[in-house]
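*Asks:* Fold the stuff below for me.
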Amino acid sequence: MEFYYIFNVARGQRFHIEVSPQWKVRQLQENIAHLTGIRVDDQVLLKACGEILDSEHLVQLNPSENNPDAPVYLFQRSSRHEKEDSRHWDQEINEITSIIDVSIENASRSEQDPDLHRVYLNIPLRARECRTASQNAIHACARFADEHRLIHQVSSSELFLYVSLLKIPSQGWMALVNNMDDSVVRLKKRAARFQHQVEKVRQQREKATELLQGFDGVIEQLKQIRLPGALLAYSRGQSDRSLHSDLSLYAWISASDPQHSLQDLVEQVKEQINSFGQSDAMSTVQNIEKVVELSKDVNCREIKGINKRMSYLDHHLRQAEERDRAINTLTLKIVETPSRIDQSSLEELLSEHRYLMSQIYAELKELRVICNHFFKSKVEVLGILRMRLNSWIVRVYDRLLHAHNEVLVFEEKFTGLKQRLDLVRQIKEAPMMYATAVSEVVRRRTFHKEFVSWHSLHVDKCVALSDEESQIRAQFSAKMEKHFLRVLFHGMFDSLPTFYVKSLPKFDESLGPIDIDHLKELRNSVEDLKQYLKVTAPQVFFRLSVRDPSMPSPVVQHGVMRREESFFTADPAFSLSTLTRNFPSTNWLSTDDGMDCSPSTMPTLLMTKSPLSRVGSSSSLNMPAAPSLNQLSMLGEEDEIPTQSSSTSIAKSAPIQIPTPQPRQMSEKSSQFSTPDDHFHTADPIEERQPPNFQQFPVDDLTSRSQTFYEALKPTVVQILSLSKDMLDLRAELSKNYDFFKENFTKLGELTGSALSERLKQVKDYYDTELAKASEEQQRFASELQHQVVEYHKLEALHQEVKESIAHDLALQQSEKERLVEEVVHLEEKVKNVRSETYKEGIIAMELEKNRLSTEYEEIIEAKDAQMRELQKELEKKNAEIVRLQSDPESNAFRKNVIAEIRNELEKESKSKLDLLTKGITQKKEEECS
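*Replies:* Prediction:
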């Protein structure tokens with residue numbers, strides 16, 4: 001068992017519960033309900049991050065997540081226990097102050113004892129009691145400060161020392177705010193998805209309009225398509241196909257929902273699209289924005305002055321600690337016993353002790369005041385939190401729930417619309433899909449037949465090829481493993497792997513009873529579906545035909561082939577017997593008898609021909625006959641040489657080209673063979689027709705240089721032509737605007753002649769006349785301005801008089817307002833007094849009524865308990881009688897019947913009485929709560 005720490009935010013109290021690692025949160029909540037009286041349904045357990053503990057999860061006993069400084073915070077969904085909490089708070093502070101009062105009272109009584117010796121002996125004891133009381137007060141103040149911290153977050157900038165000791169970043173109120181923020185963030189995410197769905201609804205509306213067009217024609221096609229009875233029986237897994245008759249595709253679809261037709265589905269889609277109003281979506285978005293804005297209210301999120309309050313508490317806590325140290329020092333002085341004491345010094349010592357005790361009394365009274373300050377501060381903070389819980393938090397969560405429900409309703413409607421639109425789309429595509437499926441079934445049957453035939457031939461050829469290759473490899477390995485060259489060719493002993501599938505797994509055997517006749521029937525009955533009722537031939541043999549990529553193509557001209565490529569051939573491989581004859585040294589190392597050990601006598605020319613292999617591959621997958629060397633293509637080149645049939649079995653090679661006197665560069669494809677040129681050329685018929693000594697004429701050097709100079713002058717010629725074109729364009733533009741330029745030059749000449757002076761004189765006279773007019777206007781404006789200034793001074797004096805009179809009236813109104821405010825304050829005090837008296841009278845009346853009801857309940861419960869005891873006694877008597885009857889061996893059957901009857905009667909009677917008692921107590925409790 002380990003301690004699990006919980007902080008009750010509403011009461012401001014921390015407590016712990018012993019829990020087991022196997023406990024679920026539900027068991028923890030039941031224990032909390034037993035300790036605090038808060039029902040499990042009213043409990044909300046929050047971590048500091050705002051996460052809610054799930055009732056079905058296990059309790060996490062990680063010390064870093066749950067400890068005295070980081071507990072789990074308990075909130076109530078309802079405020080049923082406010083009065084009990086207030087009574088608990090009063091009891092808590094009364095216990096603390098009563099300890100101080102009792103210690104002071106006991107010490108004062110001891111000082112007043114007439115016996116000096118008894119006073120001398122009792123004062124140290126009373127001093128220790130006072131010290132214990134001060135320590136209790138200090139612990140209570142520290143606990144109150146800690147509960148302040150747990151209720152709300154502490155500012156590390158102002159209370160660095162305090163927080164450095166506790167090191168807790170966030171507390172109860174902030175845990176609730178964090179939970180609210182998490183809920184708001186989740187709602188904002190759903191709002192983003194909601195807006196995306198609103199946009200999708202707008203798009204779906206346009207798509208739905210297109211989708212519903214031509215739906216009547218689709219229904220007609222569905223009615224024309226006939227489903228064979230065999231297909232219906234096959235789809236339902238029934239072997240007897242005679243029980244099902246042919247049915248139209250429309251009737252088959254309608255049978256899934258007999259209550260509604262396809263036309264009803266279309267009407268439902270139209271009604272649902274029309275029900276999505278833009279105004280509803282906008283109001284939901286506005287509600288979400290209001291919730292977000294309300295949750296960001298700084299005045300409600302933070303408790304103003306909490307940091308100053310905590311600094312004030314921390315300051316007084318330090319003062320209380322100093323007073324405790326002072327009390328401890330004074331107590332030590334009192335407890336110290338002098339070495340020598342007599343009657344005369346006893347009085348002086350007692351007077352000193354009384355003086356020290358008076359100082360202890362003063363310090364204890366100050367500690368009591370400090371404790372009351374801490375307690376009142378805690379009650380004020382809890383009152384603020386309760387007020388915000390009942391107003392702001394409840395309002396935010398109510399609006400969160402309302403907005404969340406609106407989003408959920410919209411999402412449900414949107415999901416229903418998508419499902420119906422998808423169903424409409426499937427119905428509209430049903431004729432096309434059915435026709436395509438019928439065509440695919442026919443095609444797959446044909447494909448299956450051809451593919452199985454091809455695979456059987458493929459397996460036969462692969463088996464033959466595998467056997468031949470395995471035999472060649474086995475013969476070669478048998479010779480090579482006895483020869484010393486096996487050290488150089490140690491990788492020549494691999495076997496051919498299995499590269500083909502002997503038997504195919506079953507496929508396409510459950511396609512359904514559809515044949516070509518049904519396909520023809522659909523083509524004749526539904527003309528619009530002919531394009532979907534076409535079956536493509538599988539052509540398995542053609543699609544799986546294989547050609548060697550290294551073999552030449554018959555449509556490409558002869559290319560140039562490197563010399564080393566002429567050593568590759570497509571003829572069958574050498575047999576091991578031929579190898580033995582050509583290389584008799586192998587036989588010399590062999591132990592086989594009867595082998596020909598003499599060198600081969602085959603002519604040298606004939607050795608270039610590949611002999612017919614007894615074990616070579618004689619079959620392949622649609623492979624052409626092996627061509628001769630002259631038809632081989634170059635390795636690594638794209639050009640291919642057309643295939644020609646060889647008329648001789650001797651391999652031929654193209655003649656090597658004789659180098660010319662002209663210098664030539666080495667080919668990039670030159671090999672390791674030391675030849676002037678590493679390319680082979682096929683015989684060109686044009687070259688064969690040339691005379692033997694035919695040579696091309698060399699190009700003249702002057703012609704070559706002229707051609708180079710011409711190429712260099714091409715850009716210059718282009719530039720000259722461009723400039724010539726621009727100049728011609730400029731000339732045409734000038735010719736076009738000749739009249740315009742001529743007219744302008746004529747006007748310019750007239751202006752610069754004798755008429756210019758006369759024109760200037762006319763302009764001067766005009767402007768002089770205008771200047772005289774402007775001067776007269778200016779003088780007139782100056783006289784009017786002077787007149788307006790005089791009027792302004794008169795108005796200003798009048799305004800000053802009015803202002804003074806208004807100020808006097810305002811002073812009178814202010815005095816009247818102050819008198820009314822004082823009267824209102826006096827009346828409010830009277831109202832408060834009357835309200836408090838009324839409240840006290842109501843509380844007293846309620847307590848009296850509650851005591852009366854509780855006494856009545858106690859009497860009822862005692863009466864019911866007496867009845868239950870009597871019933872218990874009767875039950876014991878009956879059980880004794882049953883035991884007695886069971887001990888009698890002669891009345892076994894009788895005893896069984898009696899026992900059964902007595903037991904049934906007692907069970908019925910006790911059950912009815914218990915039900916009545918439970919109903920009565922429940923009814924009384926409900927009446928008391930109401």
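*Asks:* Could you point out the longest helix of this protein?
*Replies:* Longest helix of the chain, by residue count under DSSP state H: helix 755-887.
*Asks:* I'd like to know which helix or strand in the protein has the lowest mean pLDDT.
*Replies:* helix 160-166 (a mean of 30; mean pLDDT, DSSP states H and E).
*Asks:* Tell me which helix or strand comes right after that helix, heading toward the C-terminus.
*Replies:* helix 172-212 (DSSP states H and E).
*Asks:* quick one: average confidence on that following helix?
*Replies:* Mean pLDDT, computed over helix 172-212, is 78.
*Asks:* going on from that helix, what's the next piece of helix or strand?
*Replies:* Next along the chain from helix 172-212, counting by DSSP H and E, comes helix 215-224.
*Asks:* Pull the residues that contact that next one.
*Replies:* 248-250, 253, 262, 266, 424, 427-428, 430-431, 525-526, 528-529 (CB atoms under 8 Å, 6 or more residues apart in numbering). Just so you know, the C-beta spots here come from the backbone N, C-alpha and C atoms, and that holds for glycine as well.
*Asks:* could you flag which of those are buried?
*Replies:* For the contacts of helix 215-224, a burial check counting by 16 or more other CB atoms under 10 Å picks out 249, 250, 253, 262, 266, 424, 427, 428, 430, 431, 526, 529.
*Asks:* For the residue nearest the centre of the chain, give its distance to residue 52.
*Replies:* Taking CA atoms, centre = their mean as the criterion, residue 189 is the residue nearest the geometric centre of the chain, at 9.9 Å. Distance, residue 189 to residue 52, by CB to CB, to the nearest Å: 18 Å.
*Asks:* Check residue 250 too.
*Replies:* For residue 250, the distance to residue 52 - CB to CB - is 54 Å.
*Asks:* how about the buried ones among the contacts of helix 215-224 in CSV, adding pLDDT and secondary structure?
*Replies:* Output for the buried ones among the contacts of helix 215-224, formatted as CSV (pLDDT from 0 to 100; DSSP: H, G, I helix; E, B strand; the rest coil):
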residue, pLDDT, secondary structure
249, 88, helix
250, 88, helix
253, 88, helix
262, 83, helix
266, 83, helix
424, 88, helix
427, 90, helix
428, 89, helix
430, 91, helix
431, 91, helix
526, 87, coil
529, 86, helix
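*Asks:* Output those residues in TSV, with distance to residue 505 appended to each entry.
*Replies:* Output for the buried ones among the contacts of helix 215-224, formatted as TSV (distance: CB to CB, whole Å):
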residue	distance to residue 505
249	33
250	39
253	35
262	41
266	46
424	40
427	36
428	37
430	32
431	34
526	36
529	34
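*Asks:* just to revisit the earlier point, the residue nearest to the centre of the chain and residue 195, how far apart?
*Replies:* Residue 189 is 11 Å from residue 195, by CB to CB.
*Asks:* same check, this time on residue 405
*Replies:* When distance is defined by CB to CB, residue 405 is 17 Å away from residue 195.
*Asks:* quick one: which of these two has more around it?
*Replies:* Using other CB atoms under 10 Å, the more surrounded residue of residue 405 and residue 195 is residue 195, with 14 against 11.
*Asks:* That one: what's it in contact with?
*Replies:* residue 285.
*Asks:* Which parts of the protein are strands?
*Replies:* Assigned by DSSP state E, the strands in the chain fall at 2-8, 13-19, 43-46, 72-76, 226-227, 247-248, 561-562, 679-680.
*Asks:* who's in contact with the fourth one?
*Replies:* It refers to strand 72-76. Applying CB under 8 Å, 6+ apart, the set of residues contacting strand 72-76 is 4-10, 32, 36, 38, 42-48, 53, 66, 150, 171-172, 175-176, 389.
*Asks:* got the angle between that strand and helix 172-212?
*Replies:* Interaxial angle, strand 72-76 versus helix 172-212 (axes from the mean of the first three to the mean of the last three CA atoms, to 10 degrees): 70 degrees.
*Asks:* about what we covered before: please indicate which of the contacts of strand 72-76 are buried?
*Replies:* Here, 16+ other CB under 10 Å leaves 4, 6-10, 32, 36, 38, 42-48, 53, 66, 150, 171-172, 175-176, 389 buried among the contacts of strand 72-76.
*Asks:* Look up how far residue 462 lies from residue 497.
*Replies:* From residue 497 to residue 462 the distance is 12 Å (CB to CB).
*Asks:* Looking at the two, which has the bigger crowd around it?
*Replies:* residue 462 (18 against 6).
*Asks:* Contacts only, for that one.
*Replies:* Contact partners of residue 462, counting by CB under 8 Å, 6+ apart, are 499, 500.
*Asks:* What confidence value was assigned to it?
*Replies:* For residue 462, pLDDT reads 94.
*Asks:* do the same with residue 890
*Replies:* With respect to pLDDT, residue 890 has a value of 56.
*Asks:* Can you give me the domain assignment for the chain?
*Replies:* 2-178+298-406, 756-929 (automatic domain parsing).
*Asks:* Please identify the deepest-packed of the ones you listed.
*Replies:* domain 2-178+298-406 (a mean of 16; mean count of other CB atoms under 10 Å).
*Asks:* Straight-line length of that one, end to end?
*Replies:* End-to-end distance of domain 2-178+298-406 (CA to CA, to the nearest Å): 45 Å.
*Asks:* Stretch 266-285 now?
*Replies:* One end of stretch 266-285 sits 30 Å from the other (CA to CA).
*Asks:* in it, what's buried?
*Replies:* Those would be 266, 268, 269, 272, 273, 276, 281, 284, 285, for stretch 266-285 by 16+ other CB under 10 Å.
*Asks:* And stretch 177-186, by the same measure?
*Replies:* For stretch 177-186, by 16+ other CB under 10 Å, it's 177, 178, 179, 180, 183, 184.
*Asks:* from those residues, which single one is nearest residue 257?
*Replies:* residue 183 (40.3 Å; CB to CB).
*Asks:* Might you report the residue contacts of the spatially closest residue to that closest one that is not a sequence neighbour?
*Replies:* If the residues on either side of it in the chain are set aside, residue 183 comes closest to residue 400, at 5.6 Å by CB to CB, 6 or more residues apart in numbering. For residue 400, the contacting residues are 180, 183, 184, 187, 291, by CB under 8 Å, 6+ apart.
*Asks:* Now tabulate the residues you listed in CSV and tack on distance to residue 87.
*Replies:* Listed next are the contacts of residue 400 as CSV, based on distance: CB to CB, whole Å:
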residue, distance to residue 87
180, 30
183, 34
184, 36
187, 39
291, 37
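*Asks:* Going by distance to residue 58, which of the residues you listed wins?
*Replies:* residue 183 (24.4 Å).
*Asks:* who touches residue 252 in this structure?
*Replies:* Neighbour list for residue 252: 227, 232 [criterion: CB under 8 Å, 6+ apart].
*Asks:* That one and residue 785: what is the separation?
*Replies:* 101 Å.
*Asks:* ok, now residue 206?
*Replies:* Residue 206 is 71 Å from residue 785, by CB to CB.
*Asks:* Show the pLDDT at residue 50.
*Replies:* 69.
*Asks:* Equivalent analysis for residue 255, please.
*Replies:* Model confidence at residue 255 (pLDDT) stands at 86.
*Asks:* For burial, what's the neighbour tally of it?
*Replies:* Count around residue 255 with other CB under 10 Å applied: 9.
*Asks:* any idea how far residue 811 is from it?
*Replies:* In terms of CB to CB, residue 255 sits 95 Å off from residue 811.
*Asks:* cool, residue 54 as well?
*Replies:* 68 Å.
*Asks:* And residue 286, by the same measure?
*Replies:* For residue 286, the distance to residue 811 - CB to CB - is 49 Å.
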